[in-house]
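Trainee: no letters, just coordinates:
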């Protein structure tokens, strides 16, 4: 190929590669866009779970209850206690989502909240996380995970 043809060919090939490589790079979704200056509700950091009779009682608090938290979302993972898999990932499914003042959530005068999970089965382990959302549907990070086993006594 003569040098006068080679130079435009290289430029054309380079342009072709650049144009088509842009289709493969994409900008995958990393997270929901949050406007600058938005303050998310604080995450729950002291979630606990304990068995009492035939229910699991979840309990948590906020150091400073933010007025902008209007809704709570409790997510639960359920697995048989006979399954032993410490490295398996946990898929959480929504257990309840309701207004913070809903009767499903009990609030003590000391700022603690609780929820009673009565949809449990003997021989299963349950783990929970909580997310708090504000009136614009911006939500906190996930809470700490709380876990307990339920074994019905004979």
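Mentor: Happy to help now that I have it. Note that the coordinates shown come from a computational prediction; the quantities given were computed from them, not determined experimentally. Numbers count the residues shown, from 1 in each chain.

Trainee: in a strand, that's where residue 36 is, yeah?
Mentor: No. Per DSSP: H, G, I helix; E, B strand; the rest coil, residue 36 lies outside any strand segment and is coil.

Trainee: any idea how far it is from residue 139?
Mentor: 18 Å (CB to CB, to the nearest Å). (Each C-beta comes from the backbone N, C-alpha and C, glycine too.)

Trainee: these two - which one has more neighbours?
Mentor: Set residue 36 next to residue 139 and count neighbours by other CB atoms under 10 Å: residue 139 wins out with 18 against 4.

Trainee: right, and residue 48 touches residue 61 too?
Mentor: No. At 10.1 Å, residue 48 does not count as touching residue 61 under the criterion of CB atoms under 8 Å.

Trainee: what's the following helix or strand after the helix-or-strand element of the chain with minimal mean pLDDT?
Mentor: Scoring the helices and strands of the chain by mean pLDDT, DSSP states H and E places helix 3-25 at the bottom, with a mean of 59. Helices and strands here follow DSSP states H and E; after helix 3-25, the next one along the chain is strand 48-52.

Trainee: who does that following strand touch, helix- and strand-wise?
Mentor: Judged by 3 or more CB pairs under 8 Å, 6 or more residues apart in numbering; DSSP states H and E, strand 48-52 is in contact with strand 55-61, strand 124-134, strand 146-150.

Trainee: strand partners of the shortest one, parallel vs antiparallel please.
Mentor: To tie it back to what came earlier, the one meant is strand 146-150. According to DSSP bridges, strand 146-150 forms sheet pairs with strand 124-134 (antiparallel).

Trainee: what's the closest of the helices and strands packed on strand 48-52 to residue 111?
Mentor: Nearest to residue 111, of all the helices and strands packed on strand 48-52, is strand 55-61, at 5.2 Å by CB to CB.

Trainee: counting by contacts, list what that closest one packs against.
Mentor: Counting by 3+ CB pairs under 8 Å, 6+ apart, strand 55-61 packs on strand 48-52, strand 112-117, strand 124-134, strand 146-150.

Trainee: tell me the most buried of the ones you listed?
Mentor: strand 124-134 (a mean of 20; mean count of other CB atoms under 10 Å).

Trainee: just to revisit the earlier point, in a markdown table, list the helices and strands packed on strand 55-61 along with distance to residue 40.
Mentor: Output for these, formatted as a markdown table (distance: least, CB to CB, whole Å):
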| stretch | distance to residue 40 |
| --- | --- |
| strand 48-52 | 23 |
| strand 112-117 | 18 |
| strand 124-134 | 8 |
| strand 146-150 | 21 |
